[in-house]
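Peer 1: Below: sequence and its predicted model.
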Amino acid sequence: MWQLLTKLFLLILAAYMAGILAQLFRQSAIVGYLLAGSFVGGLLFDYATVASVAELGVALLLFSIGLEFSFQQLRALGRSLLTGGALQVMLTLVAFAALLHLFMPLVQAVVIGAAFAVSSTAIVLRVLLDSTQMDSNRGRMALGILLVQDLAVVPLVLLVSLMGEAGSMMTALARVARTMAAAGGLVLVFYLMFYRVIPWVLRREGLFANRELTILLAILSAMGAVGGAHAVGLSPALGAFLAGMLLAESPFATQIRSDIDAIRTLFVVLFFTSIGMLLDLGWLVRHLHLVLPAVLLVFLIKAALIVGILKLLRIDIQVALGTGITLGQVGEFAFVLVAAGRDGGLVGADLFAGVVAVTMLSMFLAPYMVTTADPLARKLASGLFRRPVARPATGDPEVCQKALIVGFGPAGRTVADKLKTMGLHPEVIELNPAALDHATEKGVRLHLGDGTKSDVLDHAGIHAAAVVVVTVPDSRTAADMIRTIRSTLPEVNIIARGRYHRHIPLLEAAGASLVVDEEEIVGEKLADTTAMYLSETNLYDMACRMIGKAPPVPPPPMETDESEAEHAEKISPA
């Protein structure tokens, strides 16, 4: 027990130190995790021990990404992009199989072609999320193709397994039919559980407010999705992603993603270190002269195919180039496919080590490719294709029309109504599920979550907001929210509610652009209302008589010269 904990501590420490070094050299921390696994992981654990735990990390990662990506967004991708993803998988497999068949038997070439057809979902989506590029055109294109690749893993594994087994065609078709039927049943179960049952459970009074129960429910959901997908022969990561997407249709997605973020990070680090453990450093050094050209060739062929397919779909050349560069690497599911070929006797030890080495080096380069894809695509588009490049718009009217309201009590609802009359599009962050009915009634999008969490603010789209209005009454909580908002988006305008006058300096020091002093506003309103009320009634006279005093005599009206003359005439003797 203690020996296991010690080894786990050393592995995480190595990943942490390698991640720090990577950050110091302005590289992705993922590269550090992979290096830690390559150099240290094998000395502490065997791959099977870490891989079983690391697979949960991938599931939690894709579950949380699914929470960011609803079916409405999937439909927005369109049939053409999903068709393009299917074409990418098939054409990449055929291209590599045809090329490799010049050097090896066809069955081996098909296995390796299938392995090279998939890209790294975990790395690409992680880097896109960290760089806030998930919702860009390139991010949406990459996500659509990655989804199709993950869906294709199931039939590809079946194909590789069937090539390694002896049996009739009818037996093979029956196995495929059983798997597809089981997958359809699983999707139905997922729909009922994650779209109907779990949101209903979270609406129960007091449950969503208990963070511990919500975290446990989220982890159980991810683990259940992984287990269910594995039981029917689907990709466990795909099952977790599907569960997250279904749950993303509910307003609870924002806070659930925030709740599992810390534990997800731990398991994802273990996943990347376990991937690093697969690399045989000795074999790589001996065959480096073959591996490096192979990595370059795989990247060029795969990226060129993706760019060509997207151009056929009439996608802008700059976006197509950026997507091709982003997805030109080989992903973690390549290990699954080549391992299936090895288990079926189709792939030998040296060929397996070669595919692992190419995949590993490709994954090492993946973070660089994802982060440099946009500037590189702009240069290629303007240089090779001689066309003006499209640059991000700086004055997007939709961005300027969005307002974010934190807190949806009576004050928040009044602010939302006023902003809507001004033509703005308010969205709300609120922790109380009871606010759902009010948001639905007013037609306002509501994100259930804690406004003091930066990832909740990111999910709610704070980067697109022209103004943030903090309406929560508790000043200390409001100050925490303002500090988080200011650190997340330093230039945003923040208008805050100050419940008591003595707390105004606290909110201003936290970073509020403007604080509405509630006591001062209420005092002015009370004074105006009192004055208006007294002017319209005789209560003033009544109050004076009740305390035994006569009401003061109002001053006589000013007399004109004419009235004075008339008065003198009246009192003069006849």
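Peer 2: Everything's here; your move.
Peer 1: Could you pull out the buried residues of the strand or helix carrying Arg79?
Peer 2: Using DSSP states H and E, Arg79 falls within helix 71-100. Of the residues in helix 71-100, those scored as buried under the neighbour-count criterion (16 or more other CB atoms under 10 Å) are 74, 77, 81-82, 84-89, 91-93, 95-97, 100. C-beta: built from backbone N, CA, C; applies to glycine.
Peer 1: Burial check on Leu192, number of neighbours?
Peer 2: 11 (other CB atoms under 10 Å).
Peer 1: Spit out the contact partners of it.
Peer 2: For Leu192, no residue meets the contact criterion (CB atoms under 8 Å, 6 or more residues apart in numbering).
Peer 1: Angles on the backbone of it, please.
Peer 2: Per-residue torsions, Leu192: phi -70, psi -40 (degrees, to the nearest 10).
Peer 1: after the helix holding Arg79 comes which helix or strand?
Peer 2: Beyond helix 71-100 on the C-terminal side, the first helix or strand identified by DSSP H and E is helix 106-116.
Peer 1: Give me the distance between that following helix and the centre of its chain.
Peer 2: Offset of helix 106-116 from its chain centre (CA atoms, centre = their mean, to the nearest Å): 34 Å.
Peer 1: What distance do you get for Leu125 to Val468?
Peer 2: For Leu125, the distance to Val468 equals 27 Å [CB to CB, to the nearest Å].
Peer 1: Could you check which of those two has the larger neighbour count?
Peer 2: When neighbours are counted by other CB under 10 Å, Val468 comes out ahead of the other of Leu125 and Val468, with 27 against 23.
Peer 1: So what's the gap between stretch 23-41 and the chain middle?
Peer 2: Relative to its parent chain, stretch 23-41 has a centroid offset of 23 Å by CA atoms, centre = their mean.
Peer 1: who's in contact with that stretch?
Peer 2: Counting by CB under 8 Å, 6+ apart, the neighbours of stretch 23-41 from elsewhere in the structure are 10-11, 14-15, 17-22, 50, 123, 126-127, 130, 269, 272-277, 279, 281, 360, 363-364, 366-368, 371.
Peer 1: which parts of it are buried?
Peer 2: For stretch 23-41, using 16+ other CB under 10 Å, the buried residues are 27-38, 40-41.
Peer 1: In CSV, please show the C-alpha coordinates belonging to it.
Peer 2: Written as CSV, here are the backbone C-alpha positions of stretch 23-41 (Å, rounded to 0.1, in the frame of the first residue of the first chain):
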residue,chain,number,x,y,z
GLN,A,23,6.3,26.0,-19.2
LEU,A,24,9.7,27.7,-18.5
PHE,A,25,10.6,27.0,-22.2
ARG,A,26,7.2,28.2,-23.2
GLN,A,27,6.1,24.8,-24.3
SER,A,28,2.9,22.9,-23.5
ALA,A,29,2.9,21.1,-20.2
ILE,A,30,1.7,18.0,-22.0
VAL,A,31,5.1,17.6,-23.5
GLY,A,32,6.5,17.5,-20.0
TYR,A,33,4.1,14.9,-18.9
LEU,A,34,5.0,12.7,-21.9
LEU,A,35,8.7,13.1,-21.1
ALA,A,36,8.2,12.2,-17.5
GLY,A,37,6.4,9.0,-18.5
SER,A,38,9.2,8.2,-21.0
PHE,A,39,12.1,8.7,-18.6
VAL,A,40,10.7,7.9,-15.2
GLY,A,41,7.4,6.1,-15.5
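Peer 1: Show the average pLDDT along it.
Peer 2: Stretch 23-41 shows a mean pLDDT of 80.
Peer 1: What is the neighbour count of Met104?
Peer 2: Counted with other CB under 10 Å, residues neighbouring Met104 total 15.
Peer 1: Tell me the first helix or strand C-terminal of the worst-scoring helix or strand of the chain on mean pLDDT.
Peer 2: Using mean pLDDT, DSSP states H and E, the weakest-scoring helix or strand in the chain turns out to be helix 397-400, at a mean of 46. The C-terminal neighbour of helix 397-400 among helices and strands, as given by DSSP H and E, is strand 402-406.
Peer 1: what lines up beside that following strand in the sheet?
Peer 2: Pairing partners of strand 402-406, with direction, according to DSSP bridges: strand 425-430 (parallel), strand 467-470 (parallel).
Peer 1: Measure how the following helix or strand past that strand sits relative to strand 402-406, angle-wise.
Peer 2: Next along the chain after strand 402-406, taking DSSP H and E as the criterion, comes helix 410-421. Helix 410-421 and strand 402-406 are oriented at 170 degrees to each other (axes from the mean of the first three to the mean of the last three CA atoms, to 10 degrees).
Peer 1: Next, the buried residues of helix 410-421.
Peer 2: Neighbour-count burial for helix 410-421, with 16+ other CB under 10 Å as criterion, is recorded at 411-413, 415-416, 419.
Peer 1: ditto for stretch 360-373
Peer 2: Judged by neighbour count (16+ other CB under 10 Å), stretch 360-373 contains these buried residues: 360-367, 369-371, 373.
Peer 1: now stretch 133-140
Peer 2: With burial defined by 16+ other CB under 10 Å, the residues of stretch 133-140 counted as buried are 133-134, 136-140.
Peer 1: Tabulate the residues you listed (JSON lines), appending distance to Ile429 and secondary structure.
Peer 2: Rendered in JSON lines, the data for the buried residues of stretch 133-140 read as follows (distance: CB to CB, whole Å; DSSP: H, G, I helix; E, B strand; the rest coil):
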{"residue": "Gln133", "distance to Ile429": "23", "secondary structure": "coil"}
{"residue": "Met134", "distance to Ile429": "19", "secondary structure": "coil"}
{"residue": "Ser136", "distance to Ile429": "23", "secondary structure": "coil"}
{"residue": "Asn137", "distance to Ile429": "27", "secondary structure": "helix"}
{"residue": "Arg138", "distance to Ile429": "28", "secondary structure": "helix"}
{"residue": "Gly139", "distance to Ile429": "23", "secondary structure": "helix"}
{"residue": "Arg140", "distance to Ile429": "24", "secondary structure": "helix"}
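Peer 1: ok, which pair from those is furthest apart?
Peer 2: Distances among the buried residues of stretch 133-140 were taken as CB to CB; the most separated pair is Met134 and Asn137, at 11.1 Å.
Peer 1: low-scoring stretches of the stretch 201-350 of the chain, by residue?
Peer 2: In the prediction, the stretch 201-350 of the chain carries residues with pLDDT under 70 at positions 204-211, 235, 237.
Peer 1: quick one, phi/psi of Gly451?
Peer 2: Taking degrees, to the nearest 10, you get phi -70, psi -10 for the backbone angles of Gly451.
Peer 1: Report the distance from stretch 134-148 to the chain centre.
Peer 2: Per CA atoms, centre = their mean, the displacement of stretch 134-148 from the mean C-alpha position of its chain is 12 Å.
Peer 1: In the stretch 251-400 of the chain, what residue spans correspond to helices?
Peer 2: For the stretch 251-400 of the chain, helices defined by DSSP state H, counting those that start in this stretch occupy the ranges 253-259, 261-277, 281-286, 288-312, 317-326, 333-343, 349-383, 397-400.
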